[in-house]
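Asks: Structure, please.
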Amino acid sequence: MAAHGLAIVFVITVFHVTDQLGHKLTDEGLIRFIQQAVEARREEDAKEVRTCLGRIVGAKLPAQYTVFEMTGTDRPGLLSEISAVLRDMNCNVVSAHLWTHNARMACIAFVTDCTTSKPITDLERLDLLRDQLCNVLRINNGCRDERRAVRAMVLSRLTHAERRLHQMMFEDRDYEGLGGVDDRKKQDGVGTTVSIDHCQERSYSVVTVLSRDRPKLLFDTVVTLTDMKYVVFHAAISSKGSLAIQEYFVRHMDGCTLNTESEKHRVVKCLEAAIERRNTQGLRLDVRTYDRIGLLTDITRVFRENGLMVTRAEVSTSGDSVSDTFFVTDSSGNDIDYETIDRIRQEIGNVEVITSCKLVKRRNSTANGNGQEWPSFFSIGNLLWSQLERFSGNFGSIKS
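Replies: Here you go, the predicted model:
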């Protein structure tokens, strides 16, 4: 529409969603939380809500806290060593997130002082903490990568940890590691395929992503395109059975499309890495217990002493309760046996440990001749494109 020379652009986005078990959303508190988050008007006194898998959403961290961001080479027992350093330096881990991919590790820890429950602001103490963490990450003091490997800051507002993890691993160039297809893709027969074409009619680059469907797949893809300075003008996403197809019509922020093969290759590798980071290998262990100083250190020490690697971790505190999720394998990256699981339960002590191998039930889907599941679909983007063109001759960008 145009009025007195001013262009008015309407952006209409429709999402069809279920919970992570494939059921319709019925929790009014969760629906209200999602509505407020989308409208960017979450109330200050909004209550915490729990998802169908038991994860607490909207947990309030202290008004101020110290954040440590760490990147380095992954190895067995690394999270245990990091948490031990923080405990020995009188730090209480309120929340933490750890990802691993292509032999690289990224971790964000939100901490307060154990004595005062306030953020750590003493510069000498922060420098000492950085030095200790660099030793754990095996970063030489004075190395030019030291400042990038461990960052410390005091924040007065909540940061989006998962988006920051994507940015940290992107800066660490994890997409360049190990050269591509890993064993997990070969085992389940479904990998991630990214293709880039050119839409001559509208002068857009069309990025198509075909992968196994899972929670937060859309988030991982969109934030990666955004952080790489690409603007999404139109998108169509659909899933069938266990597979998902995403189609994005994009341009670079300077208005250019992806013209060179090197740029296309880089986008393909970065999107594949962003999707595979959350395709975590290993058995899921959920730990529910009362909070206490040093709890994370004790749990991860048990993992280390039993020869386990933590491939992903989410640690959260709500009042006096702790809700931790760990994905673990043996030191060779293989699944752990039931005897090890029972031993872990006994050694961790008076806590609730829930094991889960599969989080989402997959619906029936078609398969090709190679045994790989593929949906029967046509380009949804082309269909929506023709429909939306009736409303406007020009597309406005989606603000990500």
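
Asks: From now on I want contacts and neighbour counts done on CA atoms only, so please keep to that.
Replies: OK.

Asks: what are the ranges of the helices in the stretch 251-400 of the chain?
Replies: 261-276, 295-305, 338-348, 380-388 (DSSP state H, counting those that start in this stretch).

Asks: go on, the stretch 101-250 of the chain?
Replies: According to DSSP H, counting those that start in this stretch, the helices that the stretch 101-250 of the chain contains are 123-136, 146-149, 161-171, 183-188, 217-227.

Asks: List the contacts of stretch 332-347.
Replies: 281, 282, 283, 302, 303, 306, 309, 328, 329, 330, 351, 353 (C-alpha atoms under 8 Å, 6 or more residues apart in numbering).

Asks: which of those sit farthest apart?
Replies: Pairwise distances among those were taken by C-alpha to C-alpha; the largest, 23.9 Å, belongs to 281 and 351.

Asks: how about low-confidence regions in the stretch 201-350 of the chain?
Replies: Applying pLDDT under 70 to the stretch 201-350 of the chain flags the ranges 350.

Asks: check contacts around residue 206.
Replies: 196, 197, 198, 199, 247, 248, 249, 250.

Asks: meant to ask about residue 69, not that
Replies: 106, 107, 108, 109, 149, 150, 151, 152.

Asks: which residues does the closest residue to the fourth one other than its chain neighbours contact?
Replies: This means residue 109. Of all residues not flanking residue 109 in the chain, residue 96 sits nearest, at 4.3 Å (C-alpha to C-alpha, 6 or more residues apart in numbering). By C-alpha under 8 Å, 6+ apart, the contact set of residue 96 is 107, 108, 109, 110, 313, 314, 315, 316.

Asks: mind redoing it with 6 Å?
Replies: By C-alpha atoms under 6 Å, 6 or more residues apart in numbering, the residues touching residue 96 are 108, 109, 314, 315.

Asks: Out of those, flag the one nearest to residue 137.
Replies: Using C-alpha to C-alpha, those come closest to residue 137 at residue 108, 13.7 Å.

Asks: in terms of contact, does that closest one touch residue 97 like I think?
Replies: Yes. Counting by C-alpha atoms under 6 Å, residue 108 does reach residue 97; the two are 5.3 Å apart.

Asks: neighbour-wise, which of the two wins?
Replies: residue 108 (24 against 21; other C-alpha atoms under 10 Å).

Asks: does the more buried one have beta-bridge partners, and which?
Replies: residue 69, residue 97 (DSSP bridges).

Asks: what about it, distance to residue 292?
Replies: 20 Å (C-alpha to C-alpha, to the nearest Å).

Asks: same deal with residue 125?
Replies: 23 Å.

Asks: what do you get for residue 343?
Replies: 22 Å.

Asks: what do you get for residue 118?
Replies: 16 Å.

Asks: When those two are compared, which one has more neighbours?
Replies: residue 118 (17 against 12).

Asks: got the contact list for that one?
Replies: Contacts of residue 118 by C-alpha under 6 Å, 6+ apart are residue 112.

Asks: How about residue 322?
Replies: Here residue 322 is in contact with 288, 289, 290, 291, 316 (C-alpha under 6 Å, 6+ apart).

Asks: Which residue ranges of the stretch 1-150 of the chain form strands?
Replies: 2-3, 6-7, 49-50, 56-57, 65-73, 91-101, 104-113, 150-155 (DSSP state E, counting those that start in this stretch).

Asks: The fifth one vs strand 104-113, what angle?
Replies: When you say that, I think you mean strand 65-73. 160 degrees (axes from the mean of the first three to the mean of the last three C-alpha atoms, to 10 degrees).

Asks: Tell me what angle strand 65-73 forms with helix 161-171.
Replies: Using the same axes, to 10 degrees, strand 65-73 lies at 40 degrees relative to helix 161-171.

Asks: Quick check: buried residues in strand 65-73?
Replies: 65, 66, 67, 68, 69, 70, 71, 72 (16 or more other C-alpha atoms under 10 Å).

Asks: least confident pick among those residues?
Replies: Ranked by pLDDT, those bottom out at residue 65 (84).

Asks: residues contacting that residue?
Replies: Contacts of residue 65 by C-alpha under 6 Å, 6+ apart are 111, 112, 119, 154, 155.
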